[in-house]
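Engineer: show me how the following folds:
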Amino acid sequence: MTVYLVRRLIQALFVVLAMSLIVFVGVYAIGDPVEILISPDADQIERERAIVALGLDLPLWQQYLVFLTNAVQGDLGRSFVFNEPALRLILQRMPATLELAFGATFLALVIGLPLGLYAGLRPNASASKTIMAGSILGFSLPTFWVGLMMIMVFAVQLGWLPSTGRGTTCSVLGFIGLQPCSSGVQWSFLTIDGLSHMVMPAVNLALFKISLVIRLTRAGVRETMLMDYVKFARAKGLSPARVTFVHVFKNIMIPVVTVVGLELGSTIAFSVVTESVFAWPGMGKLIIDSINVLDRPVIVAYLMIIVMMFITINLVVDLTYSLLDPRVRLENKGT
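Structural biologist: This is a model prediction of the structure:
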């Protein structure tokens, strides 16, 4: 285990270094932030002063070395627009994105597993065929269109749910009465108003994941039901419920956990559309605003944090996989 973790950490270091170079060069090539940030009425002296203050007067390789030196010290640069550390801006928005991503993943598992299990156990039933047809819609419908339709129906016409924003937030310690809700990391799911604001964006973000979990679960059930150990369990006279939840369900969870764990990273990274449609104040909304004004430090910091998240989630998924399937030996994964 120790050898495996050390190997993964070394690999992660090289991945982060390579991605930092790709991201930095890519962001440098998408335009000149001076043209957006500096007023057209400014004279040449003011423009030169602003360029020097932003560090844009240095060659690209020097800017990259400065970025690496500061990144090692935990400084990913200062926002051109807000004049604040880019890392602080992103961390302020991170709770909103994380609770939306985890909420969507939770919905995908809670809804997708039972539906996929039923569709796998009774593949010829009318309800199973309806479930599979619905999963195709979940894959096919564009996220932004579904979000707009949800706003039109549930917010505008029915008035059941709020359409935008995050609602009332509260900190965990404030929720249990140790400190007021205005301090600490703020979460929406701890208040009724926050939950009502969270329902539509979480469901919208979860639709694709629900369809994915349904299809993975159904395929796993259909394959596992043909295995010898399931036939032997039935021959011993075990109840259908015990066969399903002890012998079938545990084994189909291995690919489901692997795929859903990796999809969690993409859910965090690609929640941009949902956050934009519902004006959810998360990291995705911040990165869109930063791209519009070419706020390079925020863009680079956001992409580097996403890379670190993917690496961490990938490691956690591998460890979880080994717990679900003891036959997996982490020491041999690198060979």
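
Engineer: what bits of this protein have low per-residue confidence?
Structural biologist: Along the chain, segments meeting pLDDT under 70 span 1, 29-43, 54, 172-184, 321-335.

Engineer: show me how it divides into domains.
Structural biologist: 2-72, 93-332 (automatic domain parsing).

Engineer: starting at the chain centroid, how far to the last one?
Structural biologist: Distance of domain 93-332 from its chain centroid, counting by Cα atoms, centre = their mean, to the nearest Å, is 9 Å.

Engineer: next: stretch 7-23.
Structural biologist: 20 Å.

Engineer: and what of stretch 60-76?
Structural biologist: Taking mean C-alpha positions (Cα atoms, centre = their mean), stretch 60-76 and its chain are 26 Å apart.

Engineer: buried residues in it, which are they?
Structural biologist: Within stretch 60-76, the residues scored as buried using 16 or more other Cβ atoms under 10 Å are 63-64, 67, 71, 75-76. All C-beta spots, glycine's among them, are computed from the backbone N, C-alpha and C.

Engineer: what do you get for stretch 90-109?
Structural biologist: Here stretch 90-109 shows 90, 93-101, 103-105, 107-109 as buried, counting by 16+ other Cβ under 10 Å.

Engineer: cool, and stretch 144-153?
Structural biologist: Neighbour-count burial for stretch 144-153 [16+ other Cβ under 10 Å]: 146-147, 150-151.

Engineer: okay, and the closest residue to Lys285 other than its chain neighbours sits in which element?
Structural biologist: Nearest residue to Lys285, sequence neighbours excluded (Cβ to Cβ, 6 or more residues apart in numbering): Glu275, at 4.6 Å. Per DSSP states H and E: Glu275 is located in helix 272-277.

Engineer: just checking, what packs against that helix?
Structural biologist: helix 86-121, helix 143-150, helix 192-224, helix 283-292 (3 or more Cβ pairs under 8 Å, 6 or more residues apart in numbering; DSSP states H and E).

Engineer: so can I have TSV of the ones you listed showing distance to Phe310?
Structural biologist: Shown next, in TSV, are the helices and strands packed on helix 272-277 (distance: least, Cβ to Cβ, whole Å):
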stretch	distance to Phe310
helix 86-121	13
helix 143-150	20
helix 192-224	16
helix 283-292	14
